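Engineer: here you go, sequence then predicted model.
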Amino acid sequence: MQHCLDRLEELAVREPRMRRAVTNVGADCRCDGNPHGNIPLAVQTAMASDCAAVELQRAEDFAAVFARRRAIAERTHYPEAPPPAELRRCVSLTVFAAYHLVPNGCFDERASARYFEEEYPGPGPHRVEIVALGGSTGRPAHPCWWTWHTDKIGPPRDGKTYLDELAVGEGKANGEGEVNWSRPIDRVVEIRLRPADLGVPLYKPTALDDFRADSRFAPDRTGASHGWTCPDREGLCPRPELVSSPVDYVSLSPPDGVVEVTVYPYQVPGALS
């Protein structure tokens, strides 16, 4: 495994924007001195074999290998018990239009966004019929990140605060990345599901789940059953997080065939940027 970590270090030197993601992988490997690391020995062994057998130079090469190993990590870990609260997923309206309203961005995202704005105008809670959601809870083959409210952590002030507290970056949605058209972020959509309605296991995230440039992820190595987001600005509230595989909305059976969403304005007047 040390050879693999050395290769990763070389990557971080060549591509400084990968530094945090590379550091996270080394810090998250479970060993005698790091018993609560989230990457188990079986996955480390597979990663070491990959690094020895495949020419890995670019960040994309490592990311492709780690995407395969994420599945092994999930099978090796026991799934975590779901939180005693609704699961919440927060994305910009552009991402919601590209991946949630339509199948994997296959159709006209602009038209999808206009449809959503016309059907569900204004901020606040809305009920969206499951038949209107032709996409999935996240981008295919990528981790789907969830948070939830607690007694001490409730609704955010606005959409920008929410995205910042989830540490996903402006215009991104925890691995879903940029959509292929430019639109100023003016709304943020929060999707809410009961854990029982999601229908797939939840896992504590590892460093392999957010191996990308400018990652804001930090692995939790306390032995807790979930991770925490790491916002990079004072005054923001870290939020609990778990990951799952993405699920097509058509396979879900929420009460009354309806998914609850909340639309937040991107920024309220007087909010700090």
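Structural biologist: That came through fine.
Engineer: for R70, give me the pLDDT.
Structural biologist: Per-residue pLDDT puts R70 at 84.
Engineer: ignore the last one, D158
Structural biologist: For D158, the model assigns a pLDDT of 91.
Engineer: which residue comes closest to it once chain neighbours are left out?
Structural biologist: V268 (4.6 Å; C-beta to C-beta, 6 or more residues apart in numbering). Glycine gets a C-beta too; all of them are placed from N, C-alpha and C.
Engineer: who touches the one helix or strand A73 maps to?
Structural biologist: If you go by DSSP states H and E, A73 is part of helix 59-76. For helix 59-76, contacts defined as C-beta atoms under 8 Å, 6 or more residues apart in numbering pick out 7-8, 11, 15, 18, 21, 38-40, 42-43, 46-47, 50-51, 54-56, 141, 143, 201, 203, 206, 208-209, 211-213.
Engineer: please apply the same query to stretch 139-150.
Structural biologist: Contacts for stretch 139-150 (C-beta under 8 Å, 6+ apart): 67, 70, 83, 85-90, 99, 104, 137-138, 155, 166, 168, 174-177, 202, 205, 209-210, 229, 239-247.
Engineer: if you count neighbours, what's buried in it?
Structural biologist: Within stretch 139-150, the residues that count as buried by 16 or more other C-beta atoms under 10 Å are 139, 142-149.
Engineer: where are the low-confidence patches of the protein?
Structural biologist: Across the chain, the ranges flagged by pLDDT under 70 are 103-109, 168-184, 269-273.
Engineer: can you show me the helices along it?
Structural biologist: Ranges of helices within the chain are 2-14, 19-27, 41-53, 59-76, 93-95, 109-119, 159-165, 195-198, based on DSSP state H.
Engineer: nearest to G235 among those would be which one?
Structural biologist: G235 lies closest to helix 159-165 among these, at 9.1 Å (C-beta to C-beta).
Engineer: check which helices and strands the closest one sits against.
Structural biologist: strand 87-92, strand 187-193, strand 258-265 (3 or more C-beta pairs under 8 Å, 6 or more residues apart in numbering; DSSP states H and E).
Engineer: what lies in contact with the first one?
Structural biologist: The list of residues contacting strand 87-92 from outside it, by C-beta under 8 Å, 6+ apart, reads 99-100, 137-138, 144-149, 159, 162-163, 166, 168, 171, 173, 176, 185, 187-195, 198, 202, 242.
Engineer: start to end distance for stretch 220-233?
Structural biologist: 19 Å (C-alpha to C-alpha, to the nearest Å).
Engineer: can you give me how far that stretch is from the chain middle?
Structural biologist: Remark: stretch 220-233 is offset 13 Å from the chain centroid, using C-alpha atoms, centre = their mean, to the nearest Å.
Engineer: contacting residues for Y120?
Structural biologist: 126, 128, 261, 263.
Engineer: please look at the second one and D256 and confirm they touch.
Structural biologist: Just to be clear, that refers to V128. No. V128 is not in contact with D256 according to C-beta atoms under 8 Å; the separation is 11.3 Å.
Engineer: show me which of those two is the more surrounded one.
Structural biologist: V128 (21 against 8; other C-beta atoms under 10 Å).
Engineer: which residue packs closest to that one, ignoring adjacent ones?
Structural biologist: Excluding its sequence neighbours, the residue lying closest to V128 (C-beta to C-beta, 6+ apart) is V259, at 5.0 Å.
Engineer: ok, now which ones touch S244?
Structural biologist: 137, 143-144, 146, 198, 200-203.
Engineer: and H126, how many neighbours?
Structural biologist: 17.
Engineer: that one: what's it in contact with?
Structural biologist: H126 sits in contact with 120, 260-263, where contact means C-beta under 8 Å, 6+ apart.
Engineer: please repeat the previous calculation with a cut-off of 6 Å.
Structural biologist: Neighbouring residues of H126 by C-beta atoms under 6 Å, 6 or more residues apart in numbering: 120, 261.
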